[in-house]
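In: Requesting a structural model of the entry that follows:
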Amino acid sequence: IGISIMLQTLAMLIWGRNYHVFPATLPTDSIAIAGASITPTQLMIILVSFALMIGLVVLVNKTKLGRAMRATAENPQVASLMGVRPDWVISATFVIGAVLATLAGIMWAANYGTVQHAMGFLPGLKAFTAAVLGGIGNLAGAVVGGVLLGLIESIGSGYIGDLTGGVLGSHYTDVFAFAVLIIMLTLRPSGLLGERVADRA
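Out: Modelled structure (predicted):
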């Protein structure tokens, strides 16, 4: 979080604090699918996200780097005895994470049509919330957590907003997300699909 604040400040100094227009690359006309309206950009985001998720699962579970990642996450000392270089693996993991975050930022900007220096801070916190909800270290859990978090926010800002006469409406969407985070950390810190792991001596 500290590094993200530093990067946001650096971006603000370079490009300013005003919003900038992100060029539209796809048509903006909505498409009706099963009674729901979706834009070509949103459809592209879903397809790209699905492809990236499949690629990440294959990388982690089927490649040498993925095995090294899992071994380092389990026990760095033992992994180093097996010929794995934990520092290199950790660095590679951060690079992969940064690339995925960059692609997510591009898709976010394409969806909303604007960019700003602090645009990624709140989505980053919500991504962490989704990971905690699904189970830290569980890729499928992160996907489930993200979908559930989106549903919770939509239901919270929609139905609960109507029930309260608009008092708890769309302006309080973030409250529902972080309330779920607090409840999950209190009742089940391992997440919905996370495993309860005993502390190592």
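In: looking at this, L10 is in a strand?
Out: No: per DSSP: H, G, I helix; E, B strand; the rest coil, L10 lies outside any strand segment and is helix.
In: Please name the nearest non-neighbouring residue to the residue nearest the centre of the chain.
Out: The residue lying closest to the centre of the chain (CA atoms, centre = their mean) is A127, at 3.2 Å. Residue nearest to A127 in three dimensions, not counting chain neighbours: G146, with 7.5 Å by CB to CB, 6 or more residues apart in numbering. The way it works is simple: take the backbone N, C-alpha and C, and place the C-beta from them, glycine included.
In: quick one: average confidence on the strand or helix carrying the one you found?
Out: G146 belongs to helix 139-155 when elements are defined using DSSP states H and E. Helix 139-155 shows a mean pLDDT of 85.
In: what residues does that helix touch?
Out: By CB atoms under 8 Å, 6 or more residues apart in numbering, the list of residues contacting helix 139-155 from outside reads 53, 56-57, 60, 126-127, 129-135, 173, 176-177, 180, 191-194.
In: try 10 Å
Out: With CB atoms under 10 Å, 6 or more residues apart in numbering as the test, helix 139-155 has contacts from 49-50, 53, 56-57, 59-61, 126-136, 138, 161, 170, 172-177, 179-181, 184, 190-195.
In: ok, which stretches of this protein are helices?
Out: 2-15, 40-62, 64-74, 76-81, 86-112, 121-134, 139-155, 161-163, 173-187 (DSSP state H).
In: Could you name the helices and strands sitting against the third one?
Out: Using 3 or more CB pairs under 10 Å, 6 or more residues apart in numbering; DSSP states H and E as the contact criterion, the elements in contact with helix 64-74 are helix 40-62, helix 76-81, helix 86-112.
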